[in-house]
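J.: sequence plus predicted model, see below.
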Amino acid sequence: MATYTYPGVYIQEIPSGVQSISGVATSIAAFVGMAKKGPLLQPTRVLGVQDYERVFSPDISQGEMTEQVRQFFLNGGEQAYIVRIAHNASEGTVPLQSAGGTTVLTLRSRDAGLVANELRARVDYNTASPERTFNLELYRETFDASGQSRKTESETFADLSLDPTAARYARTILTRQSKLVTAHIDDTTTTTEEAAVAALATATAFSASAAIHADSTAAETALANAVANTQAGGAGTAGRFRLRIEGALASPTLTIELAANPTLTDLETAINDALAPHTTVQVSVPAPTNEPLRIQVNDLRHDVVIERAAQLDIAEALGLGVAQGGIEVGAYAVARPAPSGLVSILDTGAGDLSALLSLGGATRATLDALGVAGSAGLRPFTIATADIAYPGPGTLLSDGSFTAVGTPSLRNIAENLRAIATALSAGSPDWRAEVHGHRLALIPTFGGASTGTGALFTSTGPDLTAGGEIFEGVTGARAALALGGGSDGAVAELEDYTDAFQVIEERVDLFNLMVLPKSANDTGTPSIRSAVWGPASAFCLGQRAFLIVDAEPDSQTPQGVLDSLTSLRTGVATDHAAVYWPRVTISADGGTKPIDACGSMAGVMARIDGSRGVWKAAAGLEANLFGVRGVEVQMSDAQNGLLNPEAVNCIRVFPNGVISWGARTMAGFENSGEIDYKYAPIRRLALFMEESLFRGMRFAVFEPNDEPLWSQIRLAAGAFMNGLFRQGAFAGATARDAYFVKCDAETTTVTDQSLGVVNVLVGFAPLRPAEFVVISLQQKAGQVQA
């Protein structure tokens, strides 16, 4: 209540106390069965056939699931949950190994089944930081009618890292974002993922300048010149660049400033002072000669990243940082998955860029006959020096467009590699050459993902596959790695269905109809599915849903159906289920094939619910089955008369199409003693009201249990029931005849109130379908004259 303090007018809003109850949906279907692909035991909502096929594929080899879902939507269904099941199906996996042969990351398909073996993984280092991160392309490889490989469902994840502190940590990104796979870190020597990841960081991270220096003295001269040249005429007295450490002890991006004429020791001190107390670095020009300036992190599992400063920058002049042509090798660089295709290396394992610098000593005149060697199946080729449009005449390290002639720089090597790559790509339609940072990558463009294995690089003068060169020990890998081990599993068994029911209960808020499509290999007598009808109906009973049962007689005849009824009804909650026969036929492979009627009938129920209401039987001349060619067994009225009294709803062929010609629940057979829920529309109407009242009455929980609450309940429930009456859901000409709602001191005694119970009694007059139309015909005799 408001607190009254000052004289004046106070406004307060008073709730009306009126509560409303909304009707729930009546025709949301739950399909549980086998499919070619898609997540196992994960209810997936679909709003049409395209939604279904996008996730579970249009394949029909695993059973009738796909066809039943199509029939559901063809006949008027609007929303369904699909739960794929299989017995002991397995996912596909592939280990991604480092260049050293250690498995560093394992990919596991999200979907179990043979389709998992269609997935491919391709790794490259064409990233913003080519020696710290990697790209991963995932796709599904299929083959068209001519045998040509095709990519579908492609995903690309750029700039991934194996550093668990990185924003693009591979395991996290793939597991969260990929629709095709999850990722797992592998290391057989450790017991935790943290330890496994830590064990991968075996390299010392460093940033190497693009500029090459004869020795430390030359590097200090270049450093002093860079500072001096920050001002016109060499008058600069300070120079800057930006630096950050990435990893467990990550630092913000820091601006490092040097005074005039700095030494390498001054540079090291300035960086360490800025980084304190996070970590320290070591600055050097490695022996013997002609090496880049190197800034190395002293702690494992940390990377150093250098960027240009906004003012007084010296990073550009020195070539510090990847964007300035330098090379930054990360702590997890050696743990990255090896790249796909035929890709060069930078060094032979010492981390000194020796192989790359050796290439830099080659000249345009000596480097010749470049290409791919191997068997004929690898489509080898070579190009000559004359085919390459080099930017300069001298060595690959010293001549290029980025520096003065004779000034060595890693940027020149990268530029010359791009010229070589352009010529290699032009030299063969079967291989594509690219430059990833300072690596030359040749990628096969012919065949499928398996091509390229065993390819070798070839060159003369010098031989780039010799010791210490960029292709030493490098053998071509597959264009992409294939996942393997995926299995469709066996026919789903009872335990698989019960697992599905459990996840539906946990994850699906509402469903009204349950369909269990038949599995392709469930051909035994009795079938595995026949043991599921009982548990499925019990589950529907608890969920206020309705089960559509498919008759499975030993022989597809009326008598065969009658002979199977006793076993079919055993253990089934018969008032929550209806059985339909015969099977319908659909177009297939230029002819027709029989399938169960369950999907079609679920769709018809949805259509009739929308046009007439759930209280109208999904039977009669308006209950056409769309998308079918006929029925497997046509029957006469007399044969129909054998099955209808036994509560078998028949599918008949009439002049206006294939019609649902029965509306009984399985409990509605003659002499069953079941009167209340003999007919399916009455049962489904009751389930609709129960679910709507169950959800709509929650407002009453914990309210004071006396007449004000009771009147609210009567008003809310009465308005809901009156709305149904006005739509024609009940028998009776007046509301008093059609329904009642009672909640008062008579239904809720003082004892009930003491126990916290409020009793609400809702009654309705069922509007049963006219199953038998009897016409009596009598002649009117003429009057005899007296």
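T.: All right, it came through fine.
J.: neighbours around D744, how many?
T.: D744 is surrounded by 14 other residues when neighbours are defined as other Cβ atoms under 10 Å. Yep, even glycine has a C-beta here, placed from its N, CA and C like the rest.
J.: now do the same contact list for it.
T.: Under the criterion of Cβ atoms under 8 Å, 6 or more residues apart in numbering, the contact list for D744 reads 707, 710, 714.
J.: next structured bit after the helix or strand where the last one lies?
T.: According to DSSP states H and E, R714 maps onto helix 707-726. For helix 707-726, the succeeding helix or strand toward the C-terminus, using DSSP H and E, is helix 735-738.
J.: just how off-centre is the helix or strand that that following helix is followed by within its chain?
T.: Sequence order places strand 739-742 as the next helix or strand after helix 735-738, per DSSP H and E. From the chain centre to the centre of strand 739-742 is a distance of 49 Å (Cα atoms, centre = their mean, to the nearest Å).
J.: again with stretch 289-298
T.: How far stretch 289-298 lies from its chain's middle: 44 Å, per Cα atoms, centre = their mean.
J.: distance of E495 from G63?
T.: Distance of E495 to G63, given as Cβ to Cβ, to the nearest Å: 18 Å.
J.: ok, now G485?
T.: Between G485 and G63 the distance, using Cβ to Cβ, works out to 23 Å.
J.: which one of those two has more residues nearby?
T.: When G485 and G63 are compared for neighbours, G63 comes out ahead with 22 against 13, by other Cβ under 10 Å.
J.: quick one, what contacts that one?
T.: Per Cβ under 8 Å, 6+ apart, neighbours of G63: 33-35, 517-520, 522.
J.: name the member of the residues you listed with the most neighbours.
T.: Busiest of the contacts of G63 [other Cβ under 10 Å] is A35, holding 31 neighbours.
J.: secondary structure element for A224?
T.: Since the elements are taken from DSSP H and E, A224 ends up inside helix 216-228.
J.: for that helix, name the packing helices and strands.
T.: Applying 3 or more Cβ pairs under 8 Å, 6 or more residues apart in numbering; DSSP states H and E, one finds that helix 216-228 contacts strand 206-213, strand 238-247, strand 254-259, helix 264-275, strand 291-297, helix 315-318.
J.: change it to 10 Å
T.: Applying 3 or more Cβ pairs under 10 Å, 6 or more residues apart in numbering; DSSP states H and E, one finds that helix 216-228 contacts strand 206-213, strand 238-247, strand 254-259, helix 264-275, strand 281-284, strand 291-297, helix 315-318.
J.: and those, which is most packed in?
T.: Using mean count of other Cβ atoms under 10 Å, the stretch among the helices and strands packed on helix 216-228 with the largest mean neighbour count is strand 206-213, at a mean of 26.
J.: quick one: R768 is in a helix?
T.: No - the assignment for R768 by DSSP: H, G, I helix; E, B strand; the rest coil gives coil, which leaves it out of any helix.
J.: circling back: redo the helices and strands packed on helix 216-228 as CSV? Include distance to V372 and mean pLDDT.
T.: Supplementary listing: the helices and strands packed on helix 216-228 in CSV, determined by distance: least, Cβ to Cβ, whole Å; pLDDT from 0 to 100:
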stretch, distance to V372, mean pLDDT
strand 206-213, 29, 92
strand 238-247, 36, 90
strand 254-259, 44, 92
helix 264-275, 43, 93
strand 281-284, 38, 90
strand 291-297, 30, 91
helix 315-318, 37, 93
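J.: closest one to A733 among the ones you listed?
T.: With distances scored as Cβ to Cβ, the stretch of these nearest to A733 is strand 238-247 (79.7 Å).
J.: could I get the closest one in PDB with only the CA atoms?
T.: Backbone C-alpha positions of strand 238-247 (Å, rounded to 0.1, in the frame of the first residue of the first chain) are rendered in PDB as follows:
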ATOM      1  CA  ALA A 238      62.300   9.100 -29.900                       C
ATOM      2  CA  GLY A 239      60.700   6.100 -31.500                       C
ATOM      3  CA  ARG A 240      57.700   4.000 -30.600                       C
ATOM      4  CA  PHE A 241      56.000   0.700 -31.400                       C
ATOM      5  CA  ARG A 242      53.100  -1.100 -29.700                       C
ATOM      6  CA  LEU A 243      53.500  -4.600 -28.100                       C
ATOM      7  CA  ARG A 244      51.400  -7.000 -26.200                       C
ATOM      8  CA  ILE A 245      51.800 -10.400 -24.600                       C
ATOM      9  CA  GLU A 246      49.100 -13.000 -25.300                       C
ATOM     10  CA  GLY A 247      48.600 -16.100 -23.100                       C
END
